[in-house]
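*Asks:* Dropping the sequence and predicted coords here.
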Amino acid sequence: MSGSNACAGCGPSIAMHMILRALGKETVVVNATGCMEVVSTQYPDSVWNVPYIHSVFENIPAVATGVSRAFKVLNKKGTVVAIGGDGASYDIGFGAMSGAMERNENMIYVVYDNNAYMNTGIQRSGGTPWGAATTTSPKEVGGKKVWQKPLPFIAAAHAIPYVATASIAYPNDLDAKLKKAKEIEGFKYIHIHTPCPVGWKFASNKTIEIARDAVECGLWNLFEIENGKFKFSFKPQLVPVDKYLKEQGRFKHLTDEGIAFIQEHVKKARGQLEKLENANINERLLF
């Protein structure tokens with residue numbers, strides 16, 4: 001992918017480069033409506049350099065299923081990767097994704113998570129974090145008042161063979177997870193944290209720093225769930241959340257009490273994840 005019209009410092013665009021580099025040229029991309037479709041496929045051009053199908057928010061897993069099954073019928077080799085943002089993954093397209101996971105269709109599904117509906121005006125989504133201001137969760141009311149949907153664990157609850165989280169600040173970790181997913185039969189789910197300078201309101205040269213800070217403070221955790229078994233792929237000693245929050249305009253309205261509330265959430269979440277380490281989630285869910 002080269003020559004897109006993405007914003008300076010665009011986290012999702014960085015992720016797309018990493019995805020294609022890891023998966024190689026024998027890849028078919030099925031991409032939902034959203035930022036990455038808009039900046040990369042202005043007619044008559046495409047910047048993907050691999051076969052590319054654009055579909056709507058609701059059904060990229062269904063389209064990817066058709067491609068994957070066609071490969072099988074034709075005895076062709078290739079990787080099918082479905083790529084969606086918050087709308088296609090957390091909310092509008094969740095039903096089709098859940099159906100493909102339940103059927104264990106052979107594809108890699110990648111979520112590029114920029115925490116809101118950025119393409120249509122920075123509206124809150126199921127992936128918007130607590131306290132973040134968006135155009136539909138304004139700072140005047142304290143931002144969003146619920147936590148984001150735990151989508152990787154919802155995916156894992158479908159008993160698919162591979163679930164992983166990743167960050168553009170840790171490219172080697174993401175590369176390894178994509179290459180592992182490529183070799184696994186069935187539905188593989190990879191969820192990438194991709195900061196958005198416009199929606200999150202930070203300087204465009206700070207994207208990787210912001211992504212790294214999210215991991216180091218524990219507001220984004222890197223892990224794998226392979227055949228139901230949970231393990232961290234990187235577990236830093238947690239630093240306070242203050243720096244990560246204060247360097248983004250979407251959190252500027254937070255009071256000290258709000259920051260303390262988020263800090264306590266991080267502490268509890270890390271404790272819960274540590275209890276899962278090396279445990280088999282499928283056994284806990286009685287699969």
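*Replies:* The structure has been received and is ready for your questions.
*Asks:* Hmm, residue 210 is touching residue 196, no?
*Replies:* No - the pair residue 210 and residue 196 fails to qualify as a contact (CB atoms under 8 Å) at a distance of 9.5 Å. C-beta here means a position set from N, CA and C on the backbone, and glycine is covered the same way.
*Asks:* where does this structure have low pLDDT?
*Replies:* By pLDDT under 70, the weakly predicted segments of the chain are 1-2, 286-287.
*Asks:* report the longest helix in it, please.
*Replies:* Using DSSP state H, we find that the single longest helix of the chain is helix 256-276.
*Asks:* list the helices and strands it packs on?
*Replies:* strand 229-234, helix 242-246 (3 or more CB pairs under 8 Å, 6 or more residues apart in numbering; DSSP states H and E).
*Asks:* swap the cut-off to 10 Å and go again
*Replies:* Applying 3 or more CB pairs under 10 Å, 6 or more residues apart in numbering; DSSP states H and E, we find helix 256-276 packed against helix 207-217, strand 222-226, strand 229-234, helix 242-246.
*Asks:* Heading C-terminal from that helix, find the next helix or strand.
*Replies:* helix 281-284 (DSSP states H and E).
*Asks:* so which of the helices and strands packed on helix 256-276 comes closest to residue 283?
*Replies:* Comparing the helices and strands packed on helix 256-276 against residue 283 with CB to CB, the closest turns out to be strand 229-234 (9.4 Å).
*Asks:* Identify each buried residue in the closest one, please.
*Replies:* By neighbour count on 16 or more other CB atoms under 10 Å, the buried set for strand 229-234 is 230, 232, 233.
*Asks:* Ok, stretch 190-202 next?
*Replies:* 190, 191, 192, 193, 194, 195, 196, 197, 199, 200, 202.
*Asks:* Among those, which pair sits farthest apart?
*Replies:* Every pair of the buried residues of stretch 190-202 checked by CB to CB; the farthest is 190 and 202, at 24.4 Å.
*Asks:* What is the nearest of the buried residues of strand 229-234 to residue 170?
*Replies:* residue 233 (8.4 Å).
*Asks:* if I pick the closest residue to the closest one other than its chain neighbours, what's in contact with it?
*Replies:* Sequence neighbours aside, residue 222 is the residue nearest to residue 233 in space, at 4.8 Å (criterion: CB to CB, 6 or more residues apart in numbering). For residue 222, the contacting residues are 164-167, 169-170, 173-174, 177, 193, 215, 232-236, by CB atoms under 10 Å, 6 or more residues apart in numbering.
*Asks:* Run through who's touching stretch 259-269.
*Replies:* 129-131, 147, 150, 217-219, 221, 238, 240-242, 244-246, 251, 254-255.
*Asks:* Drop anything exposed from those.
*Replies:* 129, 130, 131, 217, 218, 219, 221, 241, 244, 245, 251, 254.
*Asks:* surely the second one meets residue 148?
*Replies:* In other words, residue 130. Yes - between residue 130 and residue 148 there is a contact under CB atoms under 10 Å: 7.6 Å.
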